[in-house]
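In: Sequence plus the predicted model coming up.
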Amino acid sequence: MKKSLFNDQILENLHDDIKTIWPELQVKYNSEVESTNSLIKKKAKSGDYTPPLLLLAGEQTAGRGRRQRSWYSPAGGGLYFSLLLKPEVAPEELYIYTVLASLSIQHALQHFGFDADIKWPNDILLSDSKLAGILSELLDCGDSDNLVIIGSGINTHIEEFPREIADRATSLVREEGMAPPVEALMSRIIAEFRTNLEEVTRQEAREDLHKTWVEALGLGGCKIKIRTEQGLFSGTVQEISERGELIIDREGNLMHLDTGDIMNFYNSGEK
Ligand SMILES: O=C(O)CCCC[C@@H]1SC[C@@H]2NC(=O)N[C@@H]21
């Protein structure tokens, strides 16, 4: 069995880095959890965890992805983490935290020389294969303020994936033969995230972030084929709305999608 990417020394280095980047951020580590998103949810509900908090795991036994999928999270395979935050925007604008996470992960990977792309709604690709995913969830706290959980899994060291995902998943080690030190990658992501976090309270800054994200997606005017829970649809991308929805034009009818798997897209060059 492989060992976790974290040991005491690595965790100590990470704590030190985070103390300078974001002093209020509490950092927790569990060598094995079912899911960092689920554990944060449980502990936040009971009042054991309060925001802002970062939970890391060496391994997840029941990692979760979008649309009730599982997330392959073996020991020694990747970075599995969730952030617990008190949202500073209206509920309908919460998707901005997913945008922030996507851009932070992309920029951190670029910092270490990996040419990562962002795929709508919340995937990070390397050489057109899935390298990382983001699962953002709202925690309804009843009478008190709601909380937001932003979980991400980044495949750093996985060399072989289960057969069901082997044709579309990848890792840094598979693509480039190496990965940066895990604490350095984590610290860089947190630094990128932290830089823009306070900005999200300003509408103008949110619009800028949205614009940067939409540009990074590169879907404007593309012909697209997308699989959703309702079926497979084709159309032309009209826009990505201010709530992060993909709006496609299907022969004059506009379809608003908040999730789905883009199967392929191309720019036909037509206006
Ligand atoms: O692409 C997706 O479908 C999203 C995957 C998100 C996986 C991460 S790993 C850490 C956190 N804990 C979970 O159970 N899921 C997220």
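Out: That came through fine. Just so we're clear, the structure is a prediction, and the values are computed from it rather than from any experiment.
In: Now the closest residue to the ligand within the stretch 51-200 of the chain. Its backbone dihedrals?
Out: The nearest approach of the stretch 51-200 of the chain to the ligand comes at residue 133, 2.0 Å away (C-beta to the nearest ligand atom). No exception for glycine: its C-beta is placed from N, CA and C like everyone else's. Backbone geometry at residue 133, expressed as degrees, to the nearest 10, gives phi -140, psi 160.
In: partners of it in the sheet?
Out: Note on residue 133: beta-bridge partners by DSSP bridges are residue 123, residue 153.
In: low-confidence ranges in the stretch 151-271 of the chain?
Out: Flagging of the stretch 151-271 of the chain using pLDDT under 70 yields the residue ranges 268-271.
In: which residue ranges form the strands in it?
Out: 223-228, 231-240, 246-250, 253-257, 261-266 (DSSP state E, counting those that start in this stretch).
In: can you pull the contacts of the nearest residue to residue 162 once chain neighbours are set aside?
Out: Spatially, and ignoring its direct neighbours in sequence, residue 162 is nearest to residue 72 (6.0 Å; C-beta to C-beta, 6 or more residues apart in numbering). Residue 72 makes contact with 63, 158, 161-162, 165, 169 under the criterion C-beta atoms under 8 Å, 6 or more residues apart in numbering.
In: Including neighbour count, could those go into a markdown table?
Out: Converted to a markdown table, these look like this (neighbours: other C-beta atoms under 10 Å):
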| residue | neighbour count |
| --- | --- |
| 63 | 25 |
| 158 | 21 |
| 161 | 20 |
| 162 | 11 |
| 165 | 15 |
| 169 | 18 |
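In: I'd assumed residue 27 was in a strand, is it?
Out: Yes - under DSSP: H, G, I helix; E, B strand; the rest coil, residue 27 falls within a strand.
In: Who are the contact partners of it?
Out: Applying C-beta under 8 Å, 6+ apart, one finds that residue 27 lies in contact with 14-15, 18, 53-54, 56.
In: If we use 7 Å, what do you get?
Out: 14-15, 18, 54 (C-beta atoms under 7 Å, 6 or more residues apart in numbering).
In: Also residue 166?
Out: With C-beta under 7 Å, 6+ apart, residue 166 has no contacts at all.
In: if we can go back for a sec, identify whichever of the strands of the stretch 151-271 of the chain lies nearest to the ligand.
Out: strand 261-266 (9.7 Å).
In: the inter-axis angle of that closest one versus strand 223-228?
Out: 170 degrees (axes from the mean of the first three to the mean of the last three C-alpha atoms, to 10 degrees).
In: Using PDB, write out every CA atom in strand 261-266.
Out: Extracted in PDB, the C-alpha atoms of strand 261-266 (Å, rounded to 0.1, in the frame of the first residue of the first chain):
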ATOM      1  CA  ASP A 261     -20.300  17.000 -19.200                       C
ATOM      2  CA  ILE A 262     -19.100  18.700 -22.400                       C
ATOM      3  CA  MET A 263     -18.300  15.900 -24.800                       C
ATOM      4  CA  ASN A 264     -16.700  18.000 -27.500                       C
ATOM      5  CA  PHE A 265     -16.700  21.600 -28.800                       C
ATOM      6  CA  TYR A 266     -15.300  23.400 -31.700                       C
END
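In: Direction included, what does it pair up with?
Out: In the sheet, strand 261-266 lines up against strand 223-228 (antiparallel) (DSSP bridges).
In: Return the residues of the stretch 151-271 of the chain in contact with the ligand.
Out: 151-153 (C-beta under 6 Å from any ligand atom).
In: returning to what we had before: can you list the strands of the stretch 151-271 of the chain in a markdown table and add mean neighbour count?
Out: A markdown table is the format used below for the strands of the stretch 151-271 of the chain (neighbours: other C-beta under 10 Å):
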| stretch | mean neighbour count |
| --- | --- |
| strand 223-228 | 17 |
| strand 231-240 | 16 |
| strand 246-250 | 18 |
| strand 253-257 | 13 |
| strand 261-266 | 14 |
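In: I'd like those strands written out as a markdown table, with distance to residue 91 added.
Out: Shown next, in a markdown table, are the strands of the stretch 151-271 of the chain (distance: least, C-beta to C-beta, whole Å):
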| stretch | distance to residue 91 |
| --- | --- |
| strand 223-228 | 23 |
| strand 231-240 | 19 |
| strand 246-250 | 20 |
| strand 253-257 | 17 |
| strand 261-266 | 25 |
